[in-house]
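[1] Show me the folded form of this:
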Amino acid sequence: MAKILKATPEAIKDCKLALEHSQVIAVPTETVYGLAANALDVTAVEKIFAAKQRPFFDPLILHTNSIDKAQTFCDFNPLADQLAKYFWPGALTLILKKKAIVPNIVTANLDSVAVRYPKHPIFQRLLEELPFPLAAPSANPFGYISPTSAEHVEASLGNHIEIILDGSNSTIGIESTIVDARNPEKPKILRPGPITQEMLEDQIKLKFDANPTQKNTAEINELRGPGMLKSHYSPKTSLELSPQANLERLARGEIESGVALLFLKKPAFLQTLPESVQKDIFWLSEDGLDLHIAQNLYRQMRIIDAKAYKRILVETLPNENGLNSALIDRLTKAAHQ
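    You can find the predicted model right below:
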């Protein structure tokens, strides 16, 4: 069973030693917890795929702790320079042409690589101790809800790894934005995330093709980054999206047995309902702010999934503006089972 270690200097040393010996560990990031291994060690990376039961056609993200280091693994262009200088460290992953040093297993045999410079201070401290980058997909069984705490990792992968480095709850709560920056004149958002289309275009003054493959989801041979399959981030319980008015109607009427209702914001009418109904009602925020919805999304989905409901009905987002685009992406894929 995995040991959960607080991020002391001794724990960082233990993690470094494990990684140097081709082991896989769980690490905190500001987005979600990652399952990390030496990205340049094929044996170590194979253990990531084994622990997650992840298909080899799904590429991994390479994590490092400086722009200079990132440039040793991929070919930067003027657009990548701009994006990295403004948004790194942070929740932005860039797809760029890879260099020969990166093993094919990391990139699913593609000529490109996904690379990110994370912001989480504990993850940065670990990376500073290492002479190699880390491949670190989300630390959960493939296709399941991503983890945002050490306890989430322990519950789903505790029997497959030895160390979980505890960095408290992930502050963002959903995975990074992925931008295909190989063509500096035609950047593409392959996965929406915390760095929104509006933020990208406001800073770079260039039109980003928003989610070109998500609207019609990429075929396997077109996957340039993770999280692009039709079904992903899914609970074991059947999940459906439904308008707020329908959830409220069900709550005020009679919720079908075995059905949980998940609202974006705590319902104002909650206290008017009988306790027998209240127990089946959940919410993602107290105030309806997208940042708080994102922080709580996976945590609440895991809580509900553990309660043996037959179905989860989740309130649909009101629009695709800002962070809502990423939330719609995650929920739509979670519902595609």
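
[2] who's in contact with Ala150?
    Neighbouring residues of Ala150 by CB atoms under 8 Å, 6 or more residues apart in numbering: Ile4, Ala26, Pro28, Tyr33, Ile164, Leu165, Asp166, Gly167. Yep, even glycine has a C-beta here, placed from its N, CA and C like the rest.

[3] Any chance of the backbone angles for Asp280?
    Dihedral angles of Asp280 (phi, psi; degrees, to the nearest 10) stand at phi -100, psi 10.

[4] same thing with Leu110?
    According to degrees, to the nearest 10, Leu110 has phi -90, psi 170.

[5] Might one say that it is in contact with Phe57?
    No - the criterion here is CB atoms under 8 Å, and Leu110 misses it with Phe57 at 9.7 Å.

[6] Ala294: what's it in contact with?
    Residues near Ala294 by CB under 8 Å, 6+ apart: Ile172, Gly173, Ile174, Pro194, Leu323, Ala326, Leu327.

[7] Tell me the one of those residues nearest Glu286?
    Gly173 (15.1 Å; CB to CB).

[8] For that closest one, list the residues it contacts.
    By CB under 8 Å, 6+ apart, the neighbours of Gly173 are Thr31, Val32, Thr148, Ala294, Gln295, Asn296, Leu297, Tyr298, Arg299.

[9] which stretch of helix or strand covers Ile12?
    Following DSSP states H and E, one finds Ile12 within helix 9-20.

[10] starting at the chain centroid, how far to the following helix or strand past that helix?
    Later in the chain than helix 9-20, the nearest helix or strand by DSSP H and E is strand 25-27. With CA atoms, centre = their mean, to the nearest Å as the basis, strand 25-27 stands 14 Å off its chain's centre.

[11] got it, and stretch 41-55?
    Put simply, stretch 41-55 sits 18 Å off its chain's centre (CA atoms, centre = their mean).

[12] Just the buried residues of it, please?
    By neighbour count on 16 or more other CB atoms under 10 Å, the buried set for stretch 41-55 is Asp41, Ala44, Val45, Glu46, Lys47, Ile48, Phe49, Ala51, Lys52, Arg54.
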